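> Fold the following, please.
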Amino acid sequence: MWGDDPGLRFLDQDEELILAEFEYLPMLLNAIDDSSYTGAKINILIEAVCILLYNYSHESEEYSDSEKVEREQIAKQIRQELTTRKQIILESQAYMRDYVTEVVYPQIGIAVDGQSLT
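The predicted structure is shown next:
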């Protein structure tokens, strides 16, 4: 229902932030791959997965060493999933937040604003 109706929203803004939870990753990926959702909804789902990688890429002293290892394993899994979906990410690029693309794109092999990935 949500995916078919471009006017239906959880909130007026920031739906991608609400959806950016690791427990939702399989659902998000299935919905992206299903291709039956509207373009606007696919953009929200792609951005949610990119935000998820952004969140798990963040290093902080607040995490223990074991938590850091777990977070890196999760980030690796998300990176792999995003890497296989580069084309759809590029198609949704106009909807991505700059702070997300600056962190996420280099991790999945997409250049940011013409910068080289060397």
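
> Show me which parts of stretch 81-96 are buried, residue by residue.
81-82, 85, 88-89, 92, 96 (16 or more other Cβ atoms under 10 Å). No exception for glycine: its C-beta is placed from N, CA and C like everyone else's.

> Would you convert those into CSV that also reports pLDDT, secondary structure and distance to Tyr105?
Listed next are those as CSV, based on pLDDT from 0 to 100; DSSP: H, G, I helix; E, B strand; the rest coil; distance: Cβ to Cβ, whole Å:
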residue, pLDDT, secondary structure, distance to Tyr105
Glu81, 97, helix, 15
Leu82, 97, helix, 9
Arg85, 95, coil, 13
Ile88, 93, helix, 14
Ile89, 95, helix, 8
Ser92, 91, coil, 12
Met96, 90, coil, 8
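
> List just the nearest of the residues you listed to Ile108.
Nearest to Ile108 among the buried residues of stretch 81-96 is Leu82, at 4.7 Å by Cβ to Cβ.

> Now the closest one. Nearest residue, chain neighbours left out?
Excluding the flanking residues, the one nearest Leu82 by Cβ to Cβ, 6 or more residues apart in numbering is Ile108, at 4.7 Å.

> right, and the one you found touches Arg79 too?
Yes - here Ile108 lies in contact with Arg79, judged by Cβ atoms under 8 Å, at a distance of 5.9 Å.
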